[in-house]
Every structure is written in C-alpha cells, then in structure tokens.
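S.K.: Mind folding the following:
(one chain, ligands or ions: 1)
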Amino acid sequence: MRVGIIGGGITGLALTHYLAEAGIDSVTFEASEEAGGVIQTRHVDGHVLEAGPQRMRKTPGVAELAAAGGIEDAFVEAGDEKLYVYADGKLGCAPLSVEEFFRTDLLSWTGKARLLAEVFTRPGMEQETARDLFVRKFGQEAYEKFIGPLYGGIYGSDPAEMPAAYALDSLMEREEKAGSFLQAFRKRVGQGQKAPPASMEEGMQQLPNAVAEAYSDRIELETPVTDLEPVERSTGTMYRVETPAGTEEFDHVVCTTPASATADLLDGIATGVEDLDSLRYNPLALVYLESDLGREGFGYQVGYGEDLHTLGSSWNASMFDRDGVHTIFLGGMHEPELLEENDERLAEIAQEEFETVTGAESSVIDVARLEPGFPAWDQSWWTLEDVETPEGIDLATNYTARMGIPSRVREAQELAESLTERAETLDSRSLTNADSSTTAAPSDD
Ligand SMILES: Cc1cc2nc3c(=O)[nH]c(=O)nc-3n(C[C@H](O)[C@H](O)[C@H](O)COP(=O)(O)OP(=O)(O)OC[C@H]3O[C@@H](n4cnc5c(N)ncnc54)[C@H](O)[C@@H]3O)c2cc1C
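M.R.: Numbers count the residues shown, from 1 in each chain. Model (predicted):
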C-alpha cells in the first residue's frame, strides 16, 4: 500500500513517522518551504518567539517523535504549572490543584462550594453550549472568573458559541467514565503531571524541523497539492495527487490541511465538504514584549467583564527561561477586527495592558499575526455532521479531532495502526488471489 499525506504540520509529520515505522510507503506533500504548519518559531534579536503554540505536553508520543528526529535531549521542561486569571482588577491563581483551590482568592467561599457541587449535577448534554454546561455544573462565578477565560482561551473562542457536542466531546466521555467532570479532571491532572509542559531548546519548531529532516526522503517541501482525483485501476480505486512537480498515485490519501484547503481538495470526492469552508477560524495577533516581570508561572487569561483588549499572556521567560519574553494575545473571536490595526497600535495596546495587569514595564520586540488562526469549534462545527469521505480518503485534522499537539500525534499513531491493518488485509487478499490463480491455472489449461 502507498499512502499520500497532504500537509506537513505535526499531524502529517507524525503520520509520516508511524507509517515509516510500520514499513508502509508514503509521501508527504507540504505547501510551504518549512514543515510544522502552525508550529512556527521566530528568532528575533536573539529572542526565541513562538508564533503558534507556546508549549506542549511531553507525552510518550511527543517524546517518540523527538527521538525519531534525533533531538530527544533538546526538551526544556517548564516548572510549576501556575496559571493566572486577571479578574476584578487583580491577578489570581487559577485553582487547578487542591492546594490552589483552597488558597486562591479568585473565588469566594460560596463560589468554591458551588463548584464542588458539580458532582451532584446532571451529566453534560450534547445540545447545550460549553458555557451553559459549565455554568450549570460549576456555577456562574467559577465560569466567569476562570473556567470560561481559561477554556475559551485555548481556542481564542467564546464558550457561549461552542456546542458541547463538539467542543466538550472528549470531556463528556471522560465524565461518563469518571462519574463527574471534577473526578475526570482530578484523574487527568494526575496523568498530566507525568507529561510535563515542555518546549525545545531552539523553540517549538525545532521538533517538526527535526522530524522533517529525519524523513526528508518521504517529505516534499514547497510542493502544494493542487488537485486530487479518484482513478479506477484493476486493483481498485486509486487517488491521483497533482502538484506543480507532477502527479503521483496512492491507494490511500490523508488530508491534514486546514478546512478551506480540504474543502477545495475534496470537492467532488467527498460529500458535505463544500461547507468545510464555513468552519470559523479565530485570527490572532501576538505581541512579544520584553520585561523583567520576575513572576513565576505560565501566564494569564483575562477574565470576562474586564475592560481590556488582551485575551491573555504567555510568560515564556518564566516557563522556559526565554530572556524576558512575554507573549500577548489579541483578537480571537472576542475582537477579530482588532487585526485591522497596524503593528504599532497593537504593540501599544499590548504594552499598556500588560502594565495594567502586572504593574511591570516592557519594551516591544516584535508583532506577529496568525491567520486563519485557531479553529473556533463554534456553532459552524455542526456542518461536520454532513461530511463523509469515501474509502481511501481520511481526514486527520485539528478541526475534526482534538487540537493539542499530543492529541494530533496520537491521532496520527491510531490512523497509522488502522492503515497498517488495512495494508495487511490487502496483502493477504492479493496473496490469496495469487495462490488461487496459480492453483487454478493448470486445470484451466
Ligand atoms: C496560536 C496557536 C496556539 C496553540 N497552542 C497550543 C499549545 O500551547 N499546545 C498544544 O498542544 N497545541 C496548541 N495549539 C494547537 C496545535 O498547535 C495545532 O492543532 C497543531 O499544531 C495542528 O497541526 P496539524 O498538522 O494538524 O495542522 P497544521 O499545522 O495546520 O498543518 C497543516 C499543513 O498543511 C499544509 N497545507 C495546506 N494546504 C496544502 C496543500 N494544498 N498542499 C500541501 N500542504 C498544504 C500547511 O502549509 C500546513 O503546514 C495551538 C495552535 C495555535 C494556532
């Protein structure tokens, strides 16, 4: 079997690795000159600046990928996982551990008691929004003060616009197994601590770069797929992949591309894909500030009701010892029009508001824009109900399955396993056919 992979982001790279391990032939086509997709690191004036993800969990899958790229020793791990929320004009530590729960002044005692009452609430329901579910289960105060800002912050989205059916799908599954969200969270935090938040010495993009280098014989950079067509062959349906470099045929094609690119590629091949174009993405601006804030932690999200443009801030300096670097996020679903402002204005907003929140002064290093940005996982996700791909085409994407890097790697591993099984079935079928044709031949004669 021969597999074509469209897109050399972390999903396509992980799939390349797992297929190579399984001995399955594959080619990965990446449109841009570098691998990594949204994992992008810039090096500006000696600073390491992340234009995409700021960190990832060092799960066994992520560690395996780094080892495949020969950079297993290049991980840098973050220390104490302290996240803050700016609410009521001050920074409070989000209660993500039992100690912080009792210590934090983000929540009143009534708010804390209401949050603990979650175990007595009805299970999450697919037809409610993430906001309604969180408020119903944990209370309004906990939602506004930290759950909403932290959860929405992962996507740059507003939980009031996110259907639980999609956005909280896997959380609800865990709730069903554990009995409540709090129990599921307690178990997950226990497991999460085994997989520490990490980056790489040279920044996040060192990981995809190293994997792409290790598999350079299987990866075509600067090779956008411009067309995909099914073609009938004696062995069954094959897929012809067209690029500026020529055409190639594959038994199986995996699309890991952003939604609008997938809509174009699968037009006329899969059903319901034309509406993939309507999946909303949240554009983001990132302003990099240098400051000797001198606080320990991962950063903060801004609580609801605060009169600020800032969505949140990542403290790269504290997490990974990155020379005073603090990344400010602006825009998102909250204020997409902010990206129309020029870099100077964005930098000014970020600097002023960073000082309001932390009291620290800063200087501006750089400004970046990420478009289309984060998949929003909002009401436009209902359109996925109609998407169906034919046999031989798979989607492995951060809008049809979970978005985090470890989940992308896990999905690639699972898909590689199922493709390996399929390849074995195809092999045994062709062996059986070959056997029956050799035994049949003499009697036919
Ligand atoms: C700003 C931001 C912050 C994030 N923060 C975190 C975080 O802190 N921790 C975490 O774990 N995750 C985080 N994530 C999520 C995670 O980084 C992404 O979900 C993941 O990297 C997506 O990888 P992917 O390979 O699925 O898709 P992508 O990275 O989007 O890769 C798709 C690739 O397809 C290529 N492509 C497009 N069209 C074509 C074509 N026609 N032919 C060939 N190639 C094509 C693109 O160039 C791209 O390289 C963040 C994401 C963003 C955007």
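
S.K.: does the ligand sit close to the strand or helix carrying Ala198?
M.R.: Applying DSSP states H and E as the criterion places Ala198 in strand 197-200. No. Strand 197-200 does not reach the ligand (Cβ under 6 Å from any ligand atom); its nearest approach is 8.4 Å. In this view, the C-beta of every residue, glycine as well, is placed from N, C-alpha and C.

S.K.: For the helix or strand just after that strand, which residues meet the burial criterion?
M.R.: Counting by DSSP H and E, the next helix or strand C-terminal to strand 197-200 is helix 206-214. Across helix 206-214, burial judged by 16 or more other Cβ atoms under 10 Å covers 206-212, 214.

S.K.: Of the residues you listed, which are in range of the ligand?
M.R.: The subset of those within reach of the ligand, by Cβ under 6 Å from any ligand atom, is empty.

S.K.: Tell me which two of those residues sit farthest apart.
M.R.: Gln206 and Ala214 (12.4 Å; Cβ to Cβ).

S.K.: nearest to the ligand, of the buried residues of helix 206-214?
M.R.: Of all these, the ligand sits closest to Pro208, with 8.5 Å by Cβ to the nearest ligand atom.

S.K.: Let me see the confidence value for the closest residue to the closest one other than its chain neighbours.
M.R.: Leaving out its chain neighbours, the residue that sits closest to Pro208 by Cβ to Cβ, 6 or more residues apart in numbering is Gly36, at 3.4 Å. Looking at Gly36, its pLDDT reads 98.

S.K.: For Gly36, name its beta-bridge partners.
M.R.: Beta bridges link Gly36 to Gly9 when assigned by DSSP bridges.

S.K.: Look at it and say how many residues are nearby.
M.R.: The number of residues packed near Gly36 is 23, by other Cβ atoms under 10 Å.

S.K.: I'd like the distance between it and Tyr155.
M.R.: Counting by Cβ to Cβ, to the nearest Å, the gap from Gly36 to Tyr155 is 20 Å.

S.K.: low-confidence ranges in this structure?
M.R.: Scanning the chain for pLDDT under 70 picks out 188-193, 429-445.

S.K.: Could you tell me which residues of it lie near the ligand?
M.R.: 6-12, 29-32, 37-39, 52-56, 224-225, 256-258, 261, 284, 370, 374, 397-398, 403-405, 408.

S.K.: Among those, name the ones in helices.
M.R.: Per DSSP state H, helices hold the following members of those: 10-12, 261, 405, 408.

S.K.: what sits up against the host helix or strand of Asp132?
M.R.: In this assignment (DSSP H and E), Asp132 forms part of helix 130-138. Helix 130-138 has contacts (Cβ atoms under 8 Å, 6 or more residues apart in numbering) with 114-115, 118, 121-122, 124-125, 128, 142-143, 147-148, 151, 158-160, 162-164, 167-168, 181.

S.K.: what's Thr237 sitting at in phi/psi?
M.R.: Dihedral angles phi and psi of Thr237 (degrees, to the nearest 10) take the values phi -80, psi 130.

S.K.: Now for it, how many residues are close by?
M.R.: Residues near Thr237, counting by other Cβ under 10 Å: 13.

S.K.: Contacts only, for it.
M.R.: Per Cβ under 8 Å, 6+ apart, neighbours of Thr237: 230-231, 390-392.

S.K.: can we see that at 6 Å?
M.R.: Thr237 is in contact with 230, 392, counting by Cβ atoms under 6 Å, 6 or more residues apart in numbering.

S.K.: Distance of it relative to Ile5?
M.R.: Plainly put, Thr237 is 18 Å away from Ile5 if you go by Cβ to Cβ.

S.K.: repeat for Phe75
M.R.: Distance of Phe75 to Ile5, computed by Cβ to Cβ: 25 Å.

S.K.: Name the SS class of the closest residue in space to Gly305 that isn't next to it in sequence, please.
M.R.: Nearest residue to Gly305 in three dimensions, chain neighbours excluded: Glu144, at 6.6 Å (Cβ to Cβ, 6+ apart). Secondary structure assignment for Glu144 (DSSP: H, G, I helix; E, B strand; the rest coil): helix.

S.K.: in terms of contact, does Glu144 touch Val302 like I think?
M.R.: No. Contact between Glu144 and Val302 fails when scored by Cβ atoms under 6 Å: they sit 11.5 Å apart.

S.K.: And the two? Which one has more around it.
M.R.: The residue with more neighbours, out of Glu144 and Val302, is Val302; 23 against 19, by other Cβ under 10 Å.

S.K.: From the ligand, how far out is that one?
M.R.: Applying Cβ to the nearest ligand atom, to the nearest Å, the value for Val302 to the ligand is 16 Å.

S.K.: For that residue, grab phi and psi.
M.R.: As for Val302, its main-chain torsions (degrees, to the nearest 10) stand at phi -90, psi 130.

S.K.: For it, give the beta-bridge partners.
M.R.: With DSSP bridges applied, Val302 shows beta-bridge pairing to Tyr86.

S.K.: Now for it: which residues touch it?
M.R.: Contacts of Val302 (Cβ under 6 Å, 6+ apart): 86, 308, 310.

S.K.: what do you get if the cut-off is 7 Å, keeping everything else the same?
M.R.: Contact partners of Val302, counting by Cβ atoms under 7 Å, 6 or more residues apart in numbering, are 86, 149, 308, 310-312.

S.K.: Next, the buried residues of stretch 148-163.
M.R.: Neighbour counts over stretch 148-163 (16+ other Cβ under 10 Å) mark 148-153, 155-163 as buried.

S.K.: now do stretch 93-112
M.R.: Across stretch 93-112, burial judged by 16+ other Cβ under 10 Å covers 93-97, 100-101, 104, 106-107, 111-112.

S.K.: ok so, going back, these two touch, right, the residue nearest to Gly305 and Tyr304?
M.R.: Yes. The pair Glu144 and Tyr304 qualifies as a contact (Cβ atoms under 7 Å) at a distance of 4.8 Å.

S.K.: measure Val135 to Tyr143 for me?
M.R.: Val135 sits 5 Å away from Tyr143 when distances are taken as Cβ to Cβ.

S.K.: Kind regards, and thank you for your time.
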